[in-house]
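1. My questions concern the predicted model and sequence given below.
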Amino acid sequence: MAFYQSHTLQVYNTISGEKETFSPIHEGNIGMYVCGPTVYSHVHLGNVRTFMSFDMIYRYFNHLGYNVRYVRNITDAGHLTDDGNVDNDRFVKQTRLEKLEPMEVVQKYTVYFHKVLDLFNFLPPNIEPTATGHIIEQIELTQKLIEDGFAYESNGSVYFDVQEYNKRGMNYGELSNRNIDELFANTRDLDGQNEKKNPQDFALWKSASPAHIMRWNSPWGEGFPGWHLECTAMSTKYLGETFDIHGGGMDLKFPHHECEIAQGKARNGVEPVKYWMHTNMLTMNGLRMSKSTGNFILPMELINGDNDFFEKAFSPSIVRFCFMQAHYRSVLDISNEAMVASEKGFARLMEGIKLTDSLPVSANSSVDIEKWKQSCYDAMNDDFNTPILIAQLFEGIRYINLINDKKETITEADLATLKETLSVFVFDILGIRNEAETANNSDKLSGVVEMLIKMRNEARANKNWALSDEIRDQLAELDIILKDGKEGTTFTF
Ligand code: AMP
Ligand code: ZN
């Protein structure tokens, strides 16, 4: 491992606009925070792309041997699309629409989010904090910012004072390279503006109108926290005042991450984050995927084929492979053709991997496997360049086919390295599920259920109803449902 680590990892830092040699604040440890979903509706495939990029990054850090604490929040309160009135609060809108309790909405879409992540083989973060679970921390932070003169109360709401922040030598706009006058000129006239000293001031705490359902007591009356505040409160609570990596989609750079920097620096004068990482957008048929424009597809719809955009269904592994074929900082467009091409590429990769089980070995290798392995690491060390990595993996597949055709040779030891390297990069780092293994496991499970059905039939023949019911009920608890029919017993799971 040390050999590969010695080829240093370069990470593109949005705040410097350059690739930098990665060096964590505390050697061997990494604190990583990624803005999680707003659980007011189903996550769409674009959201999945961003979270998948960070899943791959997390997997690579783990592989390199770092001890990573990965925190990804759930935004379940206070996510205002702007600093506007309650009708702009997306939770309230959705709640009225569906006539559910706010926390019911939150629960429903959190469960859906987790199902989607499972489907695409995501590793869970180490901590998944919710905004509603950290109201006290957010109130305390707001109080501190008021005490230190960085925030002011107005009409039961609290705003961050951007001009005061800049007066004290800091620079609001440093991440997104915007200057404050420009921001001033571009700010739209929104509700709440007359409460603010300046239009670019942003809400830390919003007073709740009687119609607003999600509300908490605070020193400023009943209200709810601002969206930017929750990420500052939760990231620093679990990762410290300055931590290594903060990630999210590019669209979060401004205002969300800009505000997080301001809140963090105003609190204690230090940069909250060492490396800012932003992923690029998923587009579909050339247009950015987004709920508001209607150009979106739900992950499940792509997988079950129940949609108007694609001619057929595509498995989660093919989707994952397709996403990994683009660099996380490049736009990725999905279309029917792109998915079909990924399906073919994926099949070629899997067939090649399968062939490694039956390759002939020789006394000498005519292919340089160590050099090839290094080139896989070089790709990942260059700012997680998964498309180059995949090109290298196909180079490995080319070797396999040549060896199979007896046009190249490989030793037993080199073959073991080739197999292991493919497995590490494809399954552990790119996170593609090993479907051969899954299929094998499902065959085994079917065999076990068949055996239990046979035992149940024997129990029934012996009029041992207690045993036969127990077998059926216990299988049902595992979601394996037995159905007795004319043709015998069938099952589903
Ligand atoms: P939201 O739930 O709207 O806060 O979004 C969750 C994450 O998905 C954020 O990091 C967004 O930047 C990201 N995101 C939203 N739309 C897209 C898209 N079309 N492609 C990639 N990421 C997206
Ligand atoms: Zn955030």
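-> In hand now; what should we look at? Ligands and ions are numbered 1, 2, ... in the order given.

2. those strands in the stretch 251-400 of the chain, which residues are they?
-> Ranges of strands in the stretch 251-400 of the chain, per DSSP state E, counting those that start in this stretch, are 273-279, 282-284, 287-288, 332-334.

3. quick one, which of those strands is nearest to ligand 1?
-> Closest to ligand 1 of the strands of the stretch 251-400 of the chain is strand 282-284 (CB to the nearest ligand atom; 3.7 Å). Quick note: C-beta positions are derived from backbone N, CA and C, even for glycine.

4. For the protein, what lies in contact range of ligand 2?
-> Taking CB under 5 Å from the ion as the criterion, the chain approaches ligand 2 at residues 35, 231.

5. Return the helix or strand in the chain with minimum mean pLDDT.
-> None of the helices or strands of the chain scores lower by mean pLDDT, DSSP states H and E than helix 2-5, at a mean of 48.

6. sorry, back to before: mean neighbour count and mean pLDDT added to the strands of the stretch 251-400 of the chain, as a markdown table?
-> A markdown table is the format used below for these (neighbours: other CB atoms under 10 Å; pLDDT from 0 to 100):
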| stretch | mean neighbour count | mean pLDDT |
| --- | --- | --- |
| strand 273-279 | 22 | 98 |
| strand 282-284 | 22 | 96 |
| strand 287-288 | 14 | 96 |
| strand 332-334 | 21 | 97 |
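
7. now the ones you listed as TSV including distance to residue 460?
-> TSV is the format used below for the strands of the stretch 251-400 of the chain (distance: least, CB to CB, whole Å):
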stretch	distance to residue 460
strand 273-279	56
strand 282-284	53
strand 287-288	59
strand 332-334	51
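
8. Which of the ones you listed sits closest to residue 54?
-> strand 273-279 (7.4 Å; CB to CB).

9. The closest one - contacts with which helices or strands?
-> strand 10-13, helix 45-63, strand 243-249, helix 258-268 (3 or more CB pairs under 8 Å, 6 or more residues apart in numbering; DSSP states H and E).

10. wait, what's in contact with the residue of the chain found nearest ligand 1?
-> As assessed by CB to the nearest ligand atom, ligand 1 sits closest to residue 249 within the chain, at 1.9 Å. Residue 249 is in contact with 35, 46-47, 50, 278-281, counting by CB atoms under 8 Å, 6 or more residues apart in numbering.

11. same question, residue 329
-> Going by CB under 8 Å, 6+ apart, residue 329 touches 12, 278-280, 383.

12. if we take these, which one ends up nearest to residue 128?
-> residue 279 (18.9 Å).

13. The closest one touches residue 55, doesn't it?
-> No. In this structure residue 279 lies outside contact range of residue 55 using CB atoms under 8 Å: 11.1 Å.

14. Scan the contacts of residue 249 and report the most crowded one.
-> Most neighbours among these, by other CB atoms under 10 Å: residue 50, with 26 neighbours.

15. Pull the CA coordinates from stretch 42-49 and hand them back as CSV.
-> This file holds the C-alpha atoms of stretch 42-49, laid out as CSV (Å, rounded to 0.1, in the frame of the first residue of the first chain):
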residue,chain,number,x,y,z
HIS,A,42,-37.9,11.7,-3.8
VAL,A,43,-34.3,12.1,-4.6
HIS,A,44,-33.8,12.2,-8.4
LEU,A,45,-31.0,10.6,-10.4
GLY,A,46,-29.1,13.8,-10.5
ASN,A,47,-28.9,13.8,-6.7
VAL,A,48,-27.8,10.2,-6.8
ARG,A,49,-24.9,11.2,-9.1
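
16. Could you see whether ligand 1 lies near that stretch?
-> Yes. Counting by CB under 6 Å from any ligand atom, ligand 1 is contacted by stretch 42-49 at 46-47, 49.

17. Mind putting the residues you listed into CSV with distance to residue 327 and pLDDT?
-> CSV is the format used below for these (distance: CB to CB, whole Å; pLDDT from 0 to 100):
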residue, distance to residue 327, pLDDT
46, 16, 98
47, 18, 98
49, 12, 98
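
18. Whichever helix in the chain runs longest - contacts with which helices or strands?
-> Longest among the helix segments of the chain by residue count, using DSSP state H, is helix 435-461. Under the contact definition 3+ CB pairs under 8 Å, 6+ apart, helix 435-461 sits against helix 336-355, helix 465-477, strand 488-492.

19. if we can go back for a sec, out of the helices and strands packed on strand 273-279, which comes closest to residue 370?
-> Short answer: helix 45-63, nearest of the helices and strands packed on strand 273-279 by CB to CB, at 17.9 Å.

20. Output the set of residues of this structure in proximity to ligand 1.
-> Checking the chain against ligand 1 by CB under 6 Å from any ligand atom, the hits are 35, 37-38, 46-47, 49-50, 248-249, 251-252, 281-282, 288-290.

21. Check what pLDDT the nearest residue to residue 252 once chain neighbours are set aside gets.
-> Among residues not flanking residue 252 along the chain, residue 35 sits closest, at 5.8 Å (CB to CB, 6 or more residues apart in numbering). Looking at residue 35, its pLDDT is 98.

22. before we move on, the earlier item: can you tell me which of the contacts of residue 329 lies closest to ligand 2?
-> residue 278 (11.9 Å; CB to the ion).

23. what's around the closest residue to the closest one other than its chain neighbours, how many residues?
-> Residue nearest to residue 278 in three dimensions, not counting chain neighbours: residue 250, with 4.5 Å by CB to CB, 6+ apart. Using other CB under 10 Å, residue 250 is surrounded by 16 other residues.

24. Give me the residue at the spatial middle of the protein.
-> In the chain, the centroid-proximal residue (CA atoms, centre = their mean) is residue 51; its distance is 1.7 Å.

25. Might you report the residue contacts of that residue?
-> Counting by CB under 8 Å, 6+ apart, residue 51 makes contact with 34, 36-37, 43, 72, 117, 122.
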